[in-house]
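> Need a 3D model of the following:
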Amino acid sequence: MNNKTPSKKYQRWLAGVLLLAAAAALVWAVYRPRALLVEVATVTTGTFEQVIEEDGRLRLKNRFVITAPTLAELLRPTLKVGDSVRAGEVVATLVPVAPQMIDARTRSVLQQRVGSADAARRAATAQVQRAQTALAQATLEVERATRLAQDNFISAAARDQSALARQAAQQALTAAMAEQGMADFSLAEARAALSRAEPAGVGSVTGRWELKSPVDGQVLKLHLDSAAPVSAGQPLLDIGNTAAMEAVIDVLSGEVRQIQPGAPVQLSLGSGAAPMAGQVTRIEPVAFTKVSALGIEEQRVNVIVDLAQSSPEVQRLGDGFRVDARITLFSQLDALLVPTAALVRDGEQWRVFIVEAGRARARTVQLNDRNAEVAWLKEGLREGEAVLLYPGSMISDGQPVLLRNAPKAPD
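Numbering: from 1, shown residues only. This next block holds a predicted model:
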């Protein structure tokens with residue numbers, strides 16, 4: 001027979017080849033590139049906006065502070081915060097302030113002053129009576145002299161002299177009556193100084209001063225909610241119309257130069273309420289220092305935003321409530337957008353990783369602008385392409401990948 005068994009040399013060679021193939025397969029299985037699980041997003045076309053987001057507060061456009069015009073006593077207010085008032089409606093009532101109480105020594109002095117004034121009044125009354133008697137006597141003398149002059153018993157000069165005496169008596173009576181009036185006033189003044197302050201009842205109050213609302217609105221603040229003495233110029237209550245509101249947004253002074261009057265603003269009131277539209281009307285030219293939540297001092301500027309329309313929601317929230325503002329600095333329609341999370345810095349350029357046939361492929365892109373969410377692409381990608389989000393150091397060109405989420409198809 002010609003069949004011969006393989007030689008031992010051939011058997012050893014075949015075993016070596018098989019061993020090398022097994023080792024190569026093992027190395028490939030261990031060190032081959034493994035597919036990484038990644039998240040992707042789709043390049044889309046939409047509106048690109050450059051915005052500033054800050055918080056602020058609502059405030060009234062016009063606030064009216066009702067103040068006391070003079071020193072007085074405020075009667076207990078009947079209005080409460082939130083009550084509606086009409087223009088011309090009485091919102092506060094003032095009465096004259098009560099005089100101060102007096103001690104025993106001062107009372108004794110005032111009592112003596114009343115006695116002195118009373119004595120002076122009696123003396124003045126006596127002088128009036130004396131002047132009245134003198135005037136009556138002078139009147140009789142004139143009548144007698146007139147009859148005697150008609151009968152030529154006395155001269156005309158004597159008659160004129162008696163008439164002048166009557167005129168002097170009349171003037172003396174007038175002076176005496178004036179002195180009596182002065183004495184009456186002095187006595188009344190002394191008695192008024194002696195009187196003590198007594199609590200005035202509702203029915204006995206005189207000299208009320210009623211303060212009225214200048215506009216239709218609501219009571220925003222009561223500075224005093226009880227009866228109390230007030231001084232001239234002291235605030236009593238605040239009134240405003242909550243239908244006319246504006247927002248005050250404090251922005252970093254380094255960013256405020258980018259904002260122009262008329263810029264559109266979206267205001268969010270929270271609690272699921274729909275955003276409200278507004279626009280920047282004024283940028284205050286004065287900055288102020290504000291300490292941030294991290295304890296850093298920041299220079300900020302107030303930006304005033306006018307609400308496009310007044311809604312019942314704003315009226316319900318009222319003055320001083322917090323709002324979140326989104327101020328639009330720039331807007332571009334039909335822009336090619338890619339998520340900012342997909343961008344990787346490559347020296348002076350930017351690159352992204354797209355997904356092709358299950359592998360990540362690096363591609364350089366050029367940007368027009370970017371914000372915190374998306375970047376506006378100039379070139380480098382097409383709409384609908386899938387890009388990797390948050391590519392780490394393990395992602396390289398040609399790396400096999402598995403998609404955690406399927407990319408959304410473009411609209």
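> Is residue 343 in contact with residue 353, as I believe?
No - with contacts defined as CB atoms under 8 Å, residue 343 does not count as touching residue 353, sitting 10.2 Å away. All C-beta spots, glycine's among them, are computed from the backbone N, C-alpha and C.
> and the strand or helix carrying residue 115, average pLDDT?
Using DSSP states H and E, residue 115 sits in helix 104-150. Per-region confidence: helix 104-150 scores 85 on mean pLDDT.
> in the helix or strand following it, what's buried?
Next helix or strand after helix 104-150 toward the C-terminus (DSSP H and E): helix 156-194. Neighbour-count burial for helix 156-194, counted by 16 or more other CB atoms under 10 Å, picks out 159, 162, 165-166, 169, 172-173, 176-177, 179-180, 183, 186-187, 190.
> quick revisit: now for the helix holding residue 115, which elements pack on it?
The contact analysis (3 or more CB pairs under 8 Å, 6 or more residues apart in numbering; DSSP states H and E) places helix 104-150 against helix 156-194.
> center of this protein, which residue is that?
Per CA atoms, centre = their mean, the C-alpha nearest to the average position across the chain is that of residue 59, at 3.9 Å.
> how near is it to residue 244?
As judged by CB to CB, to the nearest Å, residue 59 and residue 244 stand 10 Å apart.
> that older thread, strands paired with the helix or strand containing the residue nearest to the centre of the chain, and their directions?
Residue 59 belongs to strand 44-60 when assigned by DSSP H and E. If you go by DSSP bridges, strand 44-60 pairs up with strand 245-252 (antiparallel), strand 322-339 (antiparallel).
> downstream neighbour of the shortest one in the secondary structure list?
The helix or strand immediately downstream of strand 245-252 is helix 253-256, counting by DSSP H and E.
> CA-only coordinates of the next helix or strand after that following helix in CSV, if you can.
Sequence order places strand 264-268 as the next helix or strand after helix 253-256, per DSSP H and E. Only the C-alpha atoms of strand 264-268 are listed here, as CSV (Å, rounded to 0.1, in the frame of the first residue of the first chain):
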residue,chain,number,x,y,z
PRO,A,264,-38.0,92.1,22.4
VAL,A,265,-38.3,90.4,25.8
GLN,A,266,-40.1,87.3,27.0
LEU,A,267,-41.2,87.4,30.6
SER,A,268,-42.0,84.2,32.5
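> how distant is strand 264-268 from the center of its chain?
Put simply, strand 264-268 sits 18 Å off its chain's centre (CA atoms, centre = their mean, to the nearest Å).
> In space, what's closest to residue 210 - neighbours in sequence excluded?
Of all residues not flanking residue 210 in the chain, residue 90 sits nearest, at 4.7 Å (CB to CB, 6 or more residues apart in numbering).
> now residue 130
Closest residue to residue 130 apart from its sequence neighbours, by CB to CB, 6+ apart: residue 176 at 7.3 Å.
> any chance of the strands paired with strand 44-60 in JSON lines, with mean neighbour count and distance to residue 391 too?
Formatted as JSON lines, the strands paired with strand 44-60 follow (neighbours: other CB atoms under 10 Å; distance: least, CB to CB, whole Å):
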{"stretch": "strand 245-252", "mean neighbour count": "20", "distance to residue 391": "31"}
{"stretch": "strand 322-339", "mean neighbour count": "17", "distance to residue 391": "11"}
